[in-house]
Structures are given as structure tokens and as C-alpha cells.
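Peer 1: have a look; sequence and predicted model below, questions after that.
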Amino acid sequence: MATELTVLTLAALLQCLQFFAYSITANRQVSRKIALGPRDEPVQLTGTAGRLKRAMENHFEGLTLFAIACLIITLGDQSSAATQSCAWIYLCARIAYVPAYALGLSPWRSLIWAIGFFATLIMLIAALI
């Protein structure tokens, strides 16, 4: 399997871990009735649970662009040391982003986010070269 696809798979597994972390903290914050209910009314999560939810949602957004980059690179047979490095940088940034966001480390979480975003951007540009 291409390195970029391996990293994409690992990024998807990270998303699963983020979902579990968010679910556990959110369920501790709300009542069992709300957690198991239809949630017709929005539930406002605070603290760590809210930050983990936002970090997870942010990764869904970033993962979309990263998946596109990985697929274009792989299907276009454009894999290189640069695109492979960018893929690993993206994953490392996303791993670091979760605790940075959960702990409210500002402005570090934004800097970490930017590193992952620019790694993805470089991959997309590399696919066109």
C-alpha cells in the first residue's frame, strides 16, 4: 500500500479514537436520558467534552482535504519523498492537535492545525506538478 494511503488509514483510526474520547467525556457530562435520547434539542457541551467534540469535528473537515490529497497522489502515481513526508507531518499534527485542543493550549493548537493544513496543501500542489 502506498505510504499516503497507510497514513490516511491511520488518520481515520485517529478519528475513531477521537470519537471514543468525545463520547466518553460527553456521556459523563450529560444525563443518561439525554445521552440515550433522540437529542431533538441541541446539547451544549462545555469544558473538555466540548473541546474534544470541536477537535473531532475539525478533524472531519481536515480529513476530507487530506483524503483527497492522498487519493490524487496515489491514483496519479505522484508519490514522492515530499508527499510521504507531508502525509506523516499531517498525521503527527493531528495527533498533537487533540491534546492541544482538549487542554485549551492557545495559540499552540492553531499553530499545530496550520502545520497539518499546509502539509495537506503541499500534497495537493505536488499532485499538480
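Peer 2: All right, it came through fine.
Peer 1: give me the below-cutoff pLDDT ranges for this structure.
Peer 2: In the predicted model, the chain carries pLDDT under 70 at residues 33-37, 39-40.
Peer 1: quick one: the helices in it, in order.
Peer 2: Remark: helices of the chain, listed N- to C-terminal, are 3-29, 32-36, 47-75, 81-102, 108-128; assignment by DSSP state H.
Peer 1: most packed of those helices?
Peer 2: Each of the helices of the chain was given a mean neighbour count from mean count of other Cβ atoms under 10 Å, and the largest, a mean of 20, is that of helix 81-102. The C-beta positions use only the backbone N, C-alpha and C, and glycine is treated the same way.
Peer 1: tilt between it and helix 3-29?
Peer 2: Between the axis of helix 81-102 and that of helix 3-29 there is an angle of 10 degrees, by axes from the mean of the first three to the mean of the last three Cα atoms, to 10 degrees.
Peer 1: quick one: contacts of helix 81-102?
Peer 2: Residues outside helix 81-102 that contact it (Cβ atoms under 8 Å, 6 or more residues apart in numbering): 3-4, 7-8, 10-11, 14, 18, 21, 48, 51-52, 54-55, 58-59, 62, 66, 69-70, 73, 105, 108-109, 112-113, 115-116, 119-120, 122-123, 126-127.
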